[in-house]
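>>> Sequence first, predicted coordinates after that:
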Amino acid sequence: MAFRSFHSRILSRLPTISVLTVAAFGRRVTTPTTAIAIRTLNPLSTMASTAMAIDPVPEIAMPPTATAEPAAVPEETPAAAKVPKVQRNPEEAAAAESTVNWNISALPEEVLTRRVPIPLRGVDYRGKIVLAPMVRSGELPARLLALKYGADLVWGPETVDHSLIGTTRRVNPRTGCIEWTRPPSQSHNKAGHEENVIFRIDPSREEGKLVFQIGTSDPDRALAAARLVAADVSGIDVNAGCPKPFSTSGGMGAALLKTPDKLVAILENLTRHIIPEFQIGVSVKIRLLETPTQTEALVRRLVKTGITGLTIHCRTTPMRPRERAIRGQLRMIGYICREAGVACVVNGDVADRADGYRLMNEFKVDGAMIATAAEKNPNVFLPEGQERTQWGTYARELVRFAMVVENKMSNTKFTLSQIVPGREPVYKRMAGPVRSYSELVRLLGFDEGEGGGEMVSMARRTDEILKLGEWEVKREQKGKKGQQQQGNGKKRKSEDELEGKEVKREKVVVVEQPVAQQDAGALAQAV
Ligand SMILES: Cc1cc2nc3c(=O)[nH]c(=O)nc-3n(C[C@H](O)[C@H](O)[C@H](O)COP(=O)(O)O)c2cc1C
């Protein structure tokens with residue numbers, strides 16, 4: 001918590017984020033383990049042979065995928081005793097909770113092997129350890145870092161349909177990244193700013209691994225937004241779990257759990273159109289409802305919408321991140337998904353790859369998703385036994401990725417502030433006015449040693465392109481009055497403010513400077 005509050009201090013020094021891309025009580029129904037015969041197939045042994053190697057000098061060549069194996073989920077042998085299917089209505093359900101054991105092993109073979117077809121360009125979530133969607137913490141450099149360390153799939157941060165609709169898709173000629181941009185607000189435009197990047201992907205490094213997450217409360221808007229990105233990603237995921245007021249007040253995120261008809265309509269509209277048009281899958285990320293009966297009823301409806309995957313964040317909406325995730329309903333959710341042939345991914349307090357496999361084994365779910373542990377340390381994706389790197393190494397890799405893809409400075413600082421241990425002296429120094437990649441590289445000592453010179457020249461170049469440091473001539477502190485007037489008279493809220501944090505606003509004045517030589521692919525070649 002102290003760490004987080006330190007962030008707010010770091011972030012309070014950053015320019016206002018002008019675009020909003022927003023970014024239980026389960027009862028455990030146990031199965032006598034003696035009744036389940038499990039043929040153990042250790043997924044780690046299958047992973048080890050294809051594991052990537054981390055070069056101590058952070059050359060950013062992407063490793064071969066850590067999941068050459070299509071599905072590393074342990075197999076099961078059907079148990080001798082089959083559990084009869086229980087026909088449940090809400091009244092019966094409560095009484096039945098304690099007697100149904102959700103024993104997946106007891107399902108008939110034809111159910112065990114049932115699979116909603118994965119579209120040609122889509123991805124199967126089975127056997128995968130994946131990076132969770134995270135506003136701010138899941139921007140492109142963080143996703144590339146996770147992939148470098150072996151994440152099997154990465155989710156983009158929630159992007160709200162409204163903010164995507166109306167954007168222009170363009171390929172950045174320097175980086176090869178695809179960017180969905182919109183013109184800057186009037187006040188930013190005057191200051192000479194370039195277009196706002198709403199969503200950015202790296203089509204080569206993220207190929208076949210990127211799931212786009214949408215924030216929506218309307219089936220038609222969801223479809224319109226999804227169509228803008230669907231050709232460039234491997235899946236569309238609907239956020240039905242964000243509990244923050246900025247999401248729920250618009251009927252999005254966790255609010256959809258209370259309007260299941262709407263959530264079903266959104267998913268059906270997406271599966272009906274996106275799957276045939278783009279040949280990728282549609283999935284949903286939900287939280288637990290207050291009772292297993294409610295969760296069961298919802299999941300039974302969701303799996304019939306044509307989705308290929310369902311992620312369950314094992315917390316209820318009122319639960320805070322610091323509260324331990326609960327697993328009481330997990331076996332049941334996995335069971336219902338298995339019956340329907342939908343891949344079930346567990347999320348909430350998954351510590352690392354090995355922990356993900358343990359949960360998949362124990363609760364018979366298909367994949368595992370990691371958020372906060374990965375936000376702090378990408379080593380969580382490495383196979384067990386593979387040597388871990390120190391924070392200095394992966395912080396350097398992150399900065400390098402950030403420069404390569406021309407990531408916004410404020411986001412790079414934020415992402416770094418999650419990675420750099422709070423006890424390090426440099427952590428405090430980062431909270432100071434570090435306004436350019438050149439300064440950042442120096443501050444972190446990345447200008448020294450092998451590859452230091454290259455980091456320095458990449459930083460200079462990125463600064464020039466993004467108009468930072470010496471290319472950003474003047475920043476004027478505005479008074480309170482000025483703050484109110486910013487944004488065409490309308491106060492625009494940053495994500496910090498939406499989270500109730502205080503944000504110091506700054507006016508950015510950029511004067512005309514020679515634009516960086518745009519020799520295509522120059523930075524990309526440095527990678
Ligand atoms: C910084 C941050 C941003 C998040 N943004 C999103 C988001 O955009 N969409 C979403 O579905 N969940 C979001 N979450 C929730 C995570 O995806 C995940 O469900 C939650 O953190 C629980 O996983 P964990 O216990 O591994 O942290 C966010 C979490 C964090 C910490």
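On my side now, so go ahead.
>>> Residue 464 is in contact with residue 471, correct?
Yes: proximity of residue 471 to residue 464 meets the contact threshold set by CB atoms under 8 Å, at 5.3 Å. To be clear about C-beta, it is placed using only N, CA and C from the backbone, and glycine gets the same treatment.
>>> residues in the protein within reach of the ligand, list them.
Residues of the chain lying close to the ligand (CB under 6 Å from any ligand atom) are 23, 132-137, 157-158, 213, 239, 241-242, 285, 313, 321, 325, 347-350, 370-373.
>>> what are the ranges of the strands in the stretch 201-350 of the chain?
210-215, 235-240, 281-288, 309-316, 343-347 (DSSP state E, counting those that start in this stretch).
>>> The stretch 51-200 of the chain: helices as residue ranges?
Using DSSP state H, counting those that start in this stretch, the helices of the stretch 51-200 of the chain run over 90-96, 109-112, 140-148, 161-164, 186-190.
>>> scratch that, the stretch 351-500 of the chain is what I was asking about
Using DSSP H, counting those that start in this stretch, the helices of the stretch 351-500 of the chain run over residues 353-363, 372-376, 391-404, 409-419, 425-430, 437-443, 452-466, 480-485, 495-498.
>>> from the stretch 401-527 of the chain, which residue is nearest to the ligand?
Nearest to the ligand in the stretch 401-527 of the chain, going by CB to the nearest ligand atom, is residue 418, at a distance of 8.1 Å.
>>> Surely that residue and residue 378 touch.
No: using CB under 8 Å, residue 418 is not in contact with residue 378, being 10.8 Å away.
>>> Where does the prediction get shaky in the stretch 201-350 of the chain?
Residue ranges of the stretch 201-350 of the chain with pLDDT under 70: none are present.
>>> show me where it has helices.
219-229, 245-248, 260-278, 292-302, 330-340.
>>> Serialize those to TSV and add fields for mean neighbour count.
Formatted as TSV, these follow (neighbours: other CB atoms under 10 Å):
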stretch	mean neighbour count
helix 219-229	20
helix 245-248	19
helix 260-278	19
helix 292-302	21
helix 330-340	23
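>>> Distance check, residue 172 against residue 197.
Distance, residue 172 to residue 197, by CB to CB, to the nearest Å: 9 Å.
>>> Could you do residue 287 as well?
29 Å.
>>> repeat for residue 422
On the measure of CB to CB, residue 422 and residue 197 end up 30 Å apart.
>>> of the two, who's got more company?
Using other CB atoms under 10 Å, the more surrounded residue of residue 422 and residue 197 is residue 197, with 22 against 10.
>>> Run through the bridge partners of the residue lying closest to the more buried one once chain neighbours are set aside.
Of all residues not flanking residue 197 in the chain, residue 179 sits nearest, at 4.8 Å (CB to CB, 6 or more residues apart in numbering). Beta bridges link residue 179 to residue 170, residue 200 when assigned by DSSP bridges.
>>> Would you agree residue 179 is in contact with residue 200?
Yes: proximity of residue 179 to residue 200 meets the contact threshold set by CB under 8 Å, at 4.8 Å.
>>> what residues are shared contacts of residue 172 and residue 197?
residue 179 (CB atoms under 8 Å, 6 or more residues apart in numbering).
>>> got a list of contacts for stretch 247-257?
22, 158, 160, 215-217, 238-244, 259, 262-263, 266, 286-287, 289, 298, 317.
>>> close enough to count as contact, residue 212 and residue 233?
Yes: using CB under 8 Å, residue 212 makes contact with residue 233 at a distance of 4.4 Å.
>>> who touches both of the two?
Common neighbours of residue 212 and residue 233 are listed as residue 156 (criterion: CB under 8 Å, 6+ apart).
>>> still on that earlier bit, where among the helices of the stretch 351-500 of the chain is the average confidence lowest?
Sorting these by mean pLDDT places helix 495-498 lowest, at a mean of 34.
>>> Tell me which residue of the stretch 151-300 of the chain lies closest to the ligand.
residue 158 (3.2 Å).
>>> okay but that residue is in contact with residue 215, surely?
Yes: the criterion here is CB under 8 Å, and residue 158 meets it with residue 215 at 4.5 Å.
>>> So for the two, which sits in the more crowded spot?
Neighbours were counted for residue 158 and for residue 215 using other CB under 10 Å; residue 215 has more, 30 against 27.
>>> Distance check, that one against residue 469.
For residue 215, the distance to residue 469 - CB to CB - is 34 Å.
>>> Could you do residue 104 as well?
Residue 104 sits at a distance of 57 Å from residue 469 (criterion: CB to CB).
>>> Identify the residues contacting residue 342.
Neighbours of residue 342 in contact, by CB under 8 Å, 6+ apart: 116, 303, 307-310.
>>> closest to residue 145 among those?
residue 309 (23.3 Å; CB to CB).
>>> Identify all residues paired with that closest one through a beta bridge.
residue 283, residue 343.
>>> Hmm, residue 345 and it touching each other?
Yes: using CB under 8 Å, residue 309 is in contact with residue 345, at 6.2 Å.
>>> re earlier: now the common contact residues for residue 158 and residue 215.
Joint contacts of residue 158 and residue 215 (CB under 8 Å, 6+ apart) are 22, 239, 242, 247, 253.
>>> And those residues, which is closest to residue 448?
Nearest to residue 448 among the shared contacts of residue 158 and residue 215 is residue 22, at 38.1 Å by CB to CB.
>>> Low-confidence ranges, the stretch 51-200 of the chain, go.
For the stretch 51-200 of the chain (pLDDT under 70), the answer is 51-100, 186-194.
>>> which residues of it fall in strands?
Under DSSP E, counting those that start in this stretch, the stretch 51-200 of the chain gives strands at 129-131, 153-155, 159-160, 168-171, 178-182, 196-201.
>>> Just name the most buried of those.
The highest average neighbour count among the strands of the stretch 51-200 of the chain, using mean count of other CB atoms under 10 Å, belongs to strand 129-131 at a mean of 30.
>>> Turn the helices of the stretch 351-500 of the chain into TSV, columns for distance to residue 335.
As requested, those are exported to TSV (distance: least, CB to CB, whole Å):
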stretch	distance to residue 335
helix 353-363	9
helix 372-376	26
helix 391-404	38
helix 409-419	35
helix 425-430	45
helix 437-443	49
helix 452-466	50
helix 480-485	53
helix 495-498	37
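>>> Could you dump these into CSV with distance to residue 339 and mean neighbour count added?
Listed next are the helices of the stretch 351-500 of the chain as CSV, based on distance: least, CB to CB, whole Å; neighbours: other CB atoms under 10 Å:
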stretch, distance to residue 339, mean neighbour count
helix 353-363, 15, 21
helix 372-376, 30, 20
helix 391-404, 40, 23
helix 409-419, 38, 21
helix 425-430, 48, 14
helix 437-443, 51, 22
helix 452-466, 51, 20
helix 480-485, 55, 11
helix 495-498, 39, 18
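>>> right, and these - which one's nearest residue 148?
Nearest to residue 148, of all the helices of the stretch 351-500 of the chain, is helix 391-404, at 6.6 Å by CB to CB.
>>> Restrict the closest one to CA atoms and write it as CSV.
Only the C-alpha atoms of helix 391-404 are listed here, as CSV (Å, rounded to 0.1, in the frame of the first residue of the first chain):
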residue,chain,number,x,y,z
TRP,A,391,15.2,-6.1,-11.3
GLY,A,392,18.0,-4.1,-12.9
THR,A,393,17.9,-6.4,-15.9
TYR,A,394,14.2,-6.4,-16.5
ALA,A,395,13.9,-2.7,-15.7
ARG,A,396,16.5,-2.1,-18.5
GLU,A,397,14.6,-4.4,-20.8
LEU,A,398,11.4,-2.5,-20.1
VAL,A,399,13.0,0.9,-20.8
ARG,A,400,14.4,-0.4,-24.0
PHE,A,401,11.1,-1.8,-25.2
ALA,A,402,9.5,1.5,-24.2
MET,A,403,11.9,3.4,-26.4
VAL,A,404,11.6,1.0,-29.3
